Every structure is written in structure tokens, then in C-alpha cells.
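K.L.:
kindly generate the corresponding structure for this input.
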Amino acid sequence: VLANRFSAKTLLIEKPYAKVTIRKDKTINFSDIMITDKVADAKSKAKPTKPAKLVSKKSEQSDRPIFRLDKVKIVDGSSDFADLSLILPFAAQIKSLDGGANGISSEQKSTIKVDLKGNAYELAPVDIQGEISPYLGNFDIDLKFDGMPMPLVTPYMVQFAGYKIEKGKLTLGLHYHVEKGQLKAANSIMIDQL
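P.N.:
Modelled structure (predicted):
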């Protein structure tokens, strides 16, 4: 085993929770927890320091950990999902998420494949599939909420329709594509027996 090198076949995560929010300006709340070089640069400018020793690019790269995780398996996960960028903001609590991700590694061009299934409001199936390139900051994700009971999403529909909704089912398809920091979203909505 070499220093700073790690690999594993499978990581099992039971009952994880994630809050995912797409804000009105189409930014995602995960950007709040990411540490970028800009933050480090700002801190270094704020405090005068002694001149640093020159470090070659080769030695800097060799200090980075190299890792590979073939599969992450998620069992009974949950999430609060909200898209506030839509004309009619949408939010749902997702439970019983099972599935996972493949291809997690330190490779700069790596692509993680995600496949999760769960349910919203404890009865409407939810399907999440897509690809994420974490080092490039790109992702391409599809979310499908199938047959959600309209009375449960009434708080969002009253503002739009002007009436309380007593029956019907909503199927919502959301597609998010982020490349070079730009979010492109496409949405499909089908309402049955309104």
C-alpha cells in the first residue's frame, strides 16, 4: 500500500439524508459547502505572510490523495428537495431512497453515475438518474416524480390555479444540466383527473 492511495469495492451507507435546494438564481445549495481555490486566495491576501517556498507542480500533484471507490450503495435514504427557480416553486420530501453511485475517484475527468429510487409523500415513486463530474463541476440529472396526489401539493398549486385542489395526480419530470457553471433546466408536467 502506497501513501495517499486508497481503493475500495463498495461503501454501504444506511439512512443518509441530503437537503437539495435549487435557488431562484439557479444556484444549488451544495456550492455553499465546496471549498474553492478562490477562498484560499482571499484568505492569503487578507493576511500578509512570509514569502512561500516555491513548490514544483510535480511535487504538489504527488501530495494529492489518489482514490477509487467502485460503488456506493445507499439503503433507506431521504431528502428534502426543492426547486425555487421554477415559476411555480416545487418542493417534496423523498424517502426510502435505494440505489447508489458508481465510479467515484480522484481522476480529474471522472464521471459518477447515479441511480436512485424512492418515493415522495410515502406513495409516489421517484426515480433519480444521471451523471456527475465533480472536479469539472458538471452534472446531468433527471428526476421523475410519478403520480403525486394533487391535494398534497395544493400549497404550490393554489397560487397558480387560484383554487384548492381536491383530487388528481401530478407527474413531474425535471432535467438539470450544469456545464461551465451554467444551469439549463427542462421540466415536463402532466396532471391527471384534475
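
K.L.:
would you mark the buried spots in the helix or strand hosting G103?
P.N.:
G103 belongs to strand 90-105 when assigned by DSSP states H and E. Buried positions in strand 90-105, judged by neighbour count with 16 or more other C-beta atoms under 10 Å: 90, 92, 94-95, 97, 99-101, 103-105. Yep, even glycine has a C-beta here, placed from its N, CA and C like the rest.

K.L.:
in a markdown table: those residues, plus pLDDT and distance to T21.
P.N.:
Formatted as a markdown table, the buried residues of strand 90-105 follow (pLDDT from 0 to 100; distance: C-beta to C-beta, whole Å):
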| residue | pLDDT | distance to T21 |
| --- | --- | --- |
| F90 | 79 | 11 |
| A92 | 86 | 12 |
| I94 | 93 | 13 |
| K95 | 95 | 17 |
| L97 | 95 | 17 |
| G99 | 97 | 21 |
| G100 | 95 | 22 |
| A101 | 95 | 20 |
| G103 | 92 | 26 |
| I104 | 92 | 23 |
| S105 | 92 | 27 |
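
K.L.:
distance to I189 for those - can I get that in CSV?
P.N.:
Below are the buried residues of strand 90-105 laid out as CSV (distance: C-beta to C-beta, whole Å):
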residue, distance to I189
F90, 10
A92, 14
I94, 18
K95, 22
L97, 23
G99, 24
G100, 28
A101, 28
G103, 32
I104, 33
S105, 37
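
K.L.:
what's the nearest residue to K113 if we skip its chain neighbours?
P.N.:
N102 (4.8 Å; C-beta to C-beta, 6 or more residues apart in numbering).

K.L.:
so what's the one you found bridging to?
P.N.:
In this entry, N102 is beta-bridged to K71, K113, by DSSP bridges.

K.L.:
surely it meets D70?
P.N.:
Yes - with contact defined as C-beta atoms under 8 Å, N102 reaches D70; the gap is 6.6 Å.

K.L.:
now the strands for the chain?
P.N.:
For the chain, the strands defined by DSSP state E occupy 5-14, 17-22, 66-83, 90-105, 112-120, 124-133, 138-149, 169-179, 182-192.

K.L.:
in CSV: these, plus distance to I28.
P.N.:
Listed next are these as CSV, based on distance: least, C-beta to C-beta, whole Å:
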stretch, distance to I28
strand 5-14, 21
strand 17-22, 6
strand 66-83, 10
strand 90-105, 15
strand 112-120, 15
strand 124-133, 12
strand 138-149, 9
strand 169-179, 8
strand 182-192, 8
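
K.L.:
residues in contact with the closest residue to F139 other than its chain neighbours?
P.N.:
With C-beta to C-beta, 6+ apart as the criterion, F139 has its nearest non-adjacent residue at 4.2 Å, and that residue is I132. Taking C-beta atoms under 8 Å, 6 or more residues apart in numbering, we find I132 in contact with 101, 111-112, 114, 138-141.

K.L.:
for R5, state which of the residues you listed is nearest.
P.N.:
Distance to R5, by C-beta to C-beta, is smallest for I112 among the contacts of I132, at 19.4 Å.
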